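K.L.:
A predicted structure for the sequence below; I have some questions about it.
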Amino acid sequence: MSKDFAFSIKSIRFDENYRPADATRITTNFANLARGEVREENLRNTLKMIDNRFNALANWDNPNGDRYAVELNIISAEMAVDETAEDSDLPLIEILKVDILDRENGERIEGITGNNFSSYVRDYDFSVVLKEHNEGRDSFSVPSDFGVLHGRLFKAFLNSDAYKENFNKPPVICISVSSTKTYYRTDNVHPVLGVEYRQEEDSLTDAYFNEMGMRVRYFMPPGSVAPLAFYFTGDLLSDYTSLELISTISTMDSFQKIYRPEIYNANSAAEAVYQPSLEAPDYSLTRIVYDREERSRLATEQGKFVEENFIKPYRHVLEQWSASVAL
């Protein structure tokens, strides 16, 4: 049986002085925001959006709407593939750690880990594996083992000493709903997460996260115009405090207004039966510059990078390890 891979964690503050490290995946959304002539203005405006959103949701004992500030740290999880070789560590996953500063009493409150999710292997799966699998086919299909390796690597990271030593709770990943699915409003309303939506069948992304051991619920928080997809491993509604949930909502709702304004900065809220669309014309742009076309192009480039530098050279090791953890 093959031994477990070793993980290490690096952290860098995401603030107006943030500059992506050389090893940072340039398809990472927050790295995209931190480039170009308006990088500092981009970052300041983004952080202000997050703080304002947090205070609007955490409005109890907060008469001036400025009690809280959100602090973000980019967490990079690196995996040692070959301990005998130099430079074999792969920056496998990047997530966001959110902390909350209570200005009234000076207390720093731990928020949720996860939020944004970025992965080299996911780029490979979606930008290389899926494309090659469907070349020449009359209809779209998914390989039977799609996402299996990535899912097992993610579970190994969550079970690693590195994760347990740095984080007290499992992650919550919060991303956009799928533009290929229809969502239906339910009667369930959570005081923080808002009104719950459901869909009739899983999206490809849902299935991918399921391989990671995460299930999904969709909620449209108060003040939002579209539901967000929340991926989690335990009980989303009881495992996290109100402030923890607000830390994720304020961060990711703000990011989605930048990334997908057609959905999350629309000028009207989602109806009871909701079909998200990136072609919707009735939306507003933020003042924050974000190059979505560049990100899509770079996802393919970095998917090919991980194929050449991780999948191909270590295929036998990865297959052996994946088979061993499946037993």
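P.N.:
Alright, I've got the coordinates. Source: prediction; values computed, not measured.
K.L.:
hey, where'd the strands end up in the protein?
P.N.:
6-14, 68-80, 89-102, 107-119, 172-176, 183-190, 194-199, 215-220, 228-232, 273-274 (DSSP state E).
K.L.:
and those as CSV, adding distance to residue 165, mean pLDDT and mean neighbour count?
P.N.:
Using the backbone N, CA and C atoms, a C-beta is placed for each residue, glycine as well. As requested, the strands of the chain are exported to CSV (distance: least, Cβ to Cβ, whole Å; pLDDT from 0 to 100; neighbours: other Cβ atoms under 10 Å):
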stretch, distance to residue 165, mean pLDDT, mean neighbour count
strand 6-14, 8, 91, 15
strand 68-80, 12, 93, 20
strand 89-102, 14, 90, 21
strand 107-119, 13, 93, 21
strand 172-176, 19, 97, 23
strand 183-190, 31, 98, 15
strand 194-199, 34, 97, 19
strand 215-220, 26, 98, 20
strand 228-232, 21, 98, 23
strand 273-274, 41, 98, 16
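K.L.:
Which among those strands is found nearest to residue 48?
P.N.:
Closest approach to residue 48 among these (Cβ to Cβ): strand 68-80, 10.1 Å.
K.L.:
For that closest one, which helices and strands make contact with it?
P.N.:
Helices and strands touching strand 68-80, by 3 or more Cβ pairs under 8 Å, 6 or more residues apart in numbering; DSSP states H and E, are strand 6-14, helix 39-57, strand 89-102, strand 107-119, helix 148-158, helix 161-166, helix 242-259.
K.L.:
Format those as JSON lines; extra columns: distance to residue 71.
P.N.:
Shown next, in JSON lines, are those (distance: least, Cβ to Cβ, whole Å):
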{"stretch": "strand 6-14", "distance to residue 71": "7"}
{"stretch": "helix 39-57", "distance to residue 71": "9"}
{"stretch": "strand 89-102", "distance to residue 71": "4"}
{"stretch": "strand 107-119", "distance to residue 71": "8"}
{"stretch": "helix 148-158", "distance to residue 71": "23"}
{"stretch": "helix 161-166", "distance to residue 71": "16"}
{"stretch": "helix 242-259", "distance to residue 71": "10"}
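K.L.:
Give me the below-cutoff pLDDT ranges for the protein.
P.N.:
Judged by pLDDT under 70, the chain has its weakly predicted residues at 1-3, 20-38, 82-88, 289-297, 327.
K.L.:
one step back: indicate which one of the helices and strands packed on strand 68-80 is closest to residue 235.
P.N.:
Of all the helices and strands packed on strand 68-80, helix 242-259 sits nearest to residue 235, with 12.1 Å by Cβ to Cβ.
K.L.:
can I get the CA coordinates of the closest one in PDB?
P.N.:
Only the C-alpha atoms of helix 242-259 are listed here, as PDB (Å, rounded to 0.1, in the frame of the first residue of the first chain):
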ATOM      1  CA  SER A 242     -24.400  33.300  12.400                       C
ATOM      2  CA  LEU A 243     -21.200  35.500  12.200                       C
ATOM      3  CA  GLU A 244     -19.300  32.700  10.500                       C
ATOM      4  CA  LEU A 245     -22.000  32.200   7.900                       C
ATOM      5  CA  ILE A 246     -22.200  36.000   7.300                       C
ATOM      6  CA  SER A 247     -18.400  36.000   6.800                       C
ATOM      7  CA  THR A 248     -18.800  33.600   3.900                       C
ATOM      8  CA  ILE A 249     -21.900  35.300   2.400                       C
ATOM      9  CA  SER A 250     -20.400  38.800   2.500                       C
ATOM     10  CA  THR A 251     -17.200  37.600   0.900                       C
ATOM     11  CA  MET A 252     -18.500  35.400  -1.800                       C
ATOM     12  CA  ASP A 253     -21.600  37.500  -2.600                       C
ATOM     13  CA  SER A 254     -19.300  40.400  -3.200                       C
ATOM     14  CA  PHE A 255     -16.900  38.400  -5.300                       C
ATOM     15  CA  GLN A 256     -19.800  37.000  -7.400                       C
ATOM     16  CA  LYS A 257     -21.000  40.500  -8.100                       C
ATOM     17  CA  ILE A 258     -17.600  41.100  -9.700                       C
ATOM     18  CA  TYR A 259     -17.200  37.700 -11.400                       C
END
